[in-house]
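K.L.:
this one's structure only:
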Ligand SMILES: Nc1ncnc2c1ncn2[C@@H]1O[C@H](COP(=O)(O)OP(=O)(O)OP(=O)(O)O)[C@@H](O)[C@H]1O
Ligand SMILES: [Mg+2]
């Protein structure tokens, strides 16, 4: 019996065919419930994967590859020190570019604290230099030493220090998410195998009658495959919709995004959880098919 | 149609019967008799592929039963109508659905099925019970439903195991009449029974031969029956 013909007869809706396997209310409900619960959890596992994937990208990308050099010195000395610092930065390996912020930009950064009407030249504000790193980055310890010698009052805020472990953590979380989704898929397979085996065993007499009237193994297996595939599909569809709804209801990500507010799907990512019911149905199809083939050989 | 060639069968211990050679020709009517436990049911099972001979050969429609795979046996069952001794049905389906089951299983349900079914139900006298469920049927009704199910595929061979096992005289005569009718339509009929009065009644209607299982063999019974 080929998988393909099993699939096509599964999709063909033959209204004429009677339910040859007696309905089993309670087990059916349990199977549907379990499939729904697994799908619900799978949606969260996927949301976790997607969100941590996004975080890893954000923290790893160009914006996050910047460091800041602060030059704390009296206003009068700042231009000279800034020029020296720029010279040092330009000659440092791993620095892609360095750019002193102009007065307007510095004003904008301070606006949240001091309002917009403040003249910075009257305040002891440090000069900021934005440093973008290139490739593998620069040697921050070496850079600090050189700055210390030539630019007193220079402080290098190296964002990589806190960024690297966060990117690693985000990547690990993403892996955990995928592994969880995989485990949930395997659990569906195990659950359907158990349920299908129980159903095949409970219906041994039905199988015997079907055989007496000329049913092939394929026909009998089909009755069980159809049943469990549809249950898994239905249950998982319900669980997925519920899961997506709950994810949608989580607080949206903001600019100041903590990780917790970013859990969810964005844009086309919403298509990913929609594959959960189909995958659950596919898993159920394969699991029931294997269980039926084994059991029917046994009952021969 | 059904040929046994030095066939033997054993359930593990001693052979139940051995060295049996038979040839049931198309259109023939045979009874198989013998004491309880002699192996009548077993011999019938060999004839429809539920069992394979432990020695020798059984051929049905010129096909060696021993060489058939499970799917081939399934296809064979569609050409051999069988009324089993225990008349098992699918209890969750109606009588009509049970009788039509072989058609569904073979993918042969068609627009004419409903009419065929109505006709068949009338023939076995179960029109009024068509929507009942098997557990609600009497013994005789079960036997008749089983017979209807056995013949719905218009098989060339009809095999019945104690078809009158738990019914009264009148009902057994009715069932016999149905089997005789099938034989007159040209079907090969093989019936296992230990009801000698049934055999006598049949002999008055058709040319029936009687095979008796005794001493691990099968003999053609004499005219004493
Ligand atoms: N599956 C089986 N395993 C082992 N022994 C069996 C099996 N089926 C039948 N037997 C034995 O084989 C012998 C013949 O059984 P069978 O059913 O063929 O007898 P029978 O002639 O049909 O009897 P009855 O008239 O009571 O129906 C019996 O002794 C029975 O106990
Ligand atoms: Mg018997």
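P.N.:
Received it, and whenever you're ready, just let me know what you need. Computed from a prediction, not measured in an experiment: that's the story for all the values here. Ligands and ions are numbered 1, 2, ... in the order given.
K.L.:
so what's the gap between whatever helix or strand residue A:170 lives in and the chain middle?
P.N.:
Per DSSP states H and E: residue A:170 is located in helix A:160-202. Here helix A:160-202 is found 12 Å from its chain centre; the criterion is CA atoms, centre = their mean, to the nearest Å.
K.L.:
contact partners for residue A:189?
P.N.:
Residues in contact with residue A:189 (CB atoms under 8 Å, 6 or more residues apart in numbering or on different chains) are A:283-284, A:286-287. In this view, the C-beta of every residue, glycine as well, is placed from N, C-alpha and C.
K.L.:
ok so, going back, now the helix holding residue A:170: average pLDDT?
P.N.:
Here helix A:160-202 scores 88 as its mean pLDDT.
K.L.:
pull up the pairing partners for the helix or strand where residue B:212 lies, direction included.
P.N.:
Assessed by DSSP H and E, residue B:212 sits inside strand B:208-214. According to DSSP bridges, strand B:208-214 forms sheet pairs with strand B:29-33 (parallel), strand B:217-220 (antiparallel).
K.L.:
ranking the ones you listed by burial, who's on top?
P.N.:
strand B:29-33 (a mean of 23; mean count of other CB atoms under 10 Å in any protein chain shown).
K.L.:
distance from the chain centre to that strand, please.
P.N.:
How far strand B:29-33 lies from its chain's middle: 11 Å, per CA atoms, centre = their mean.
K.L.:
pLDDT score for residue 121?
P.N.:
Defaulting to chain A. Value for residue A:121, per-residue pLDDT: 69.
K.L.:
oops, I was thinking of chain B
P.N.:
Here the pLDDT value assigned to residue B:121 is 93.
K.L.:
now the strands paired with strand B:208-214 in TSV, with distance to ligand 1?
P.N.:
Shown next, in TSV, are those (distance: least, CB to the nearest ligand atom, whole Å):
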stretch	distance to ligand 1
strand B:29-33	9
strand B:217-220	12
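K.L.:
how about the ones you listed, which one is nearest residue B:133?
P.N.:
strand B:29-33 (31.5 Å; CB to CB).
K.L.:
and the contacts of that closest one?
P.N.:
With CB under 8 Å, 6+ apart, strand B:29-33 has contacts from B:24, B:40, B:43-44, B:180, B:183, B:188-194, B:196, B:199, B:202, B:206-213, B:218, B:221.
K.L.:
now the buried members of those residues.
P.N.:
Buried subset of those (neighbour count, 16 or more other CB atoms under 10 Å in any protein chain shown): B:24, B:40, B:43-44, B:180, B:183, B:188-194, B:199, B:202, B:206, B:208, B:210-213, B:218, B:221.
K.L.:
who's in contact with residue A:122?
P.N.:
Contacts for residue A:122 were tallied using CB under 8 Å, 6+ apart; there are none.
K.L.:
quick check: it vs residue A:165, distance?
P.N.:
Relative to residue A:165, residue A:122 is positioned 41 Å away (CB to CB, to the nearest Å).
K.L.:
mind checking pLDDT for the residue in the stretch 151-300 of chain A that chain B sits nearest to?
P.N.:
Going by CB to the nearest CB, chain B is nearest to residue A:214 of the stretch 151-300 of chain A, at 3.7 Å. Residue A:214 is assigned a pLDDT of 91 by the prediction.
K.L.:
in strands, which of the buried ones among the contacts of strand B:29-33 fall?
P.N.:
B:24, B:188-192, B:208, B:210-213, B:218 (DSSP state E).
K.L.:
low-confidence stretches in chain B?
P.N.:
For chain B, applying pLDDT under 70 flags the ranges B:222-225.
K.L.:
interface residues of it facing ligand 2?
P.N.:
With the criterion set to CB under 5 Å from the ion, chain B comes near ligand 2 through B:40-41, B:85.
K.L.:
try 8 Å
P.N.:
Within chain B, the positions near ligand 2 by CB under 8 Å from the ion are B:36, B:40-42, B:44, B:85, B:161-162, B:192.
K.L.:
strands of chain B, start to end?
P.N.:
Along chain B, counting by DSSP E, strands occupy B:2-9, B:17-24, B:29-33, B:55-60, B:63-64, B:80-83, B:157-161, B:188-192, B:208-214, B:217-220.
K.L.:
can you redo those as CSV with distance to residue A:159?
P.N.:
Shown next, in CSV, are the strands of chain B (distance: least, CB to CB, whole Å):
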stretch, distance to residue A:159
strand B:2-9, 85
strand B:17-24, 92
strand B:29-33, 93
strand B:55-60, 84
strand B:63-64, 81
strand B:80-83, 82
strand B:157-161, 86
strand B:188-192, 91
strand B:208-214, 95
strand B:217-220, 96
